[in-house]
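Engineer: predicted model and sequence follow; I will ask about them next.
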Amino acid sequence: MRNLFILFISAVAVLISCQSETSSPPFHTFDPDPWLDKGSQVQAASFAVLSTKLNGSLAKSGVEGAIGYCNMAAYPLTDTLSQMYNCSIRRATRRPRNPQNRANEYEFAILDNWEKDLKNGVALVAVVQELSPDTVMYYGPIRIQPLCLNCHGKVGTDVTPEIATQLLGLYPEDQATGYSLGDLRGMWSIRFINQN
Ligand code: HEC
């Protein structure tokens with residue numbers, strides 16, 4: 001009888017422990033803050049190198065000479081950053097110059113939200129998303145500054161007809177002109193991988 005009682009108690013204990021396992025699965029909370037930090041560091045470093053080089057070549061050899069420098073592939077720093085942070089860095093837009101930079105559907109949706117924020121006078125803030133336990137995406141807005149108008153502004157006023165012709169020669173499907181100061185040009189789309 002005593003043995004039976006012990007068996008009964010153990011059975012109840014097993015049942016309770018099983019139940020508590022199913023009713024409260026291991027909790028996983030995602031803290032976006034470290035990713036917002038990391039993402040903004042990668043974004044700031046990438047943008048700094050790109051705009052320094054663009055500014056330098058604009059001053060030295062004019063818009064024509066600078067055309068090749070608004071291209072992430074032109075910068076070894078991107079590789080260094082990718083290795084340092086274990087991430088891949090790209091820029092995405094709804095109106096690409098280089099078709100490879102066309103936004104995917106997630107990026108498109110975020111760009112749409114930012115466009116709405118811009119219209120409503122709301123400040124644009126970066127977004128992070130956990131895609132899987134070891135992959136996190138960081139998206140940061142890219143706005144048009146005075147420097148950018150040389151190649152992304154209105155043709156005839158900001159972009160000279162010569163430069164427009166040259167851009168069309170290189171990028172026959174170019175959609176990346178016609179922007180004004182402050183417009184949303186696109187986003188940094190940074191994928192942090194193998195983070196565990
Ligand atoms: C001297 C010309 C020039 C200037 C100035 C310039 N860009 Fe570009 N931009 C280009 C070219 C050319 C490409 C296509 C690069 C490629 O093949 O990936 C491009 C591509 C881009 C892209 C990638 C999306 C796409 O359309 O392919 C973004 C984003 C972008 N530029 C933002 C900017 C911003 C922001 C500035 C100002 C800080 C700027 N550009 C200044 C010429 C320029």
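Structural biologist: Looks like it came in fine. Numbering: from 1, shown residues only.

Engineer: output the below-cut-off pLDDT ranges for this protein.
Structural biologist: 1-26, 196 (pLDDT under 70).

Engineer: got the residues of it near the ligand?
Structural biologist: 51, 54, 63, 66-67, 70-71, 91, 93, 96-98, 101, 142, 145, 147-148, 150-152, 176, 185-186 (Cβ under 6 Å from any ligand atom). C-beta coordinates here come from the backbone N, C-alpha and C atoms, glycine included.

Engineer: generate a ChimeraX selection restricted to the buried subset of those.
Structural biologist: Filtering the residues of the chain next to the ligand down to the buried ones (16 or more other Cβ atoms under 10 Å) takes a single ChimeraX command:
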select :54,63,66,67,70,91,93,96,97,98,101,142,148,150,151,152,176,185,186
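
Engineer: let's see which of the residues of the chain next to the ligand end up in strands.
Structural biologist: 91, 142, 185, 186 (DSSP state E).

Engineer: tell me who's in contact with the first one.
Structural biologist: When contacts are counted by Cβ atoms under 8 Å, 6 or more residues apart in numbering, residue 91 touches 72, 101, 142, 186, 187, 188, 189.

Engineer: show me where this structure has strands.
Structural biologist: 87-92, 127-132, 135-143, 184-192.

Engineer: quick one: the last one to strand 127-132, angle?
Structural biologist: Here strand 184-192 runs at 40 degrees with respect to strand 127-132, directions being taken by axes from the mean of the first three to the mean of the last three Cα atoms, to 10 degrees.

Engineer: got the CA coordinates for strand 184-192 in CSV?
Structural biologist: The C-alpha coordinates for strand 184-192 follow below in CSV (Å, rounded to 0.1, in the frame of the first residue of the first chain):
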residue,chain,number,x,y,z
LEU,A,184,13.3,59.8,-48.3
ARG,A,185,15.8,58.3,-50.7
GLY,A,186,15.8,54.8,-49.3
MET,A,187,17.2,52.8,-46.4
TRP,A,188,20.3,51.1,-45.0
SER,A,189,19.3,47.4,-44.7
ILE,A,190,21.7,45.7,-42.4
ARG,A,191,21.5,42.0,-41.7
PHE,A,192,23.2,40.7,-38.5
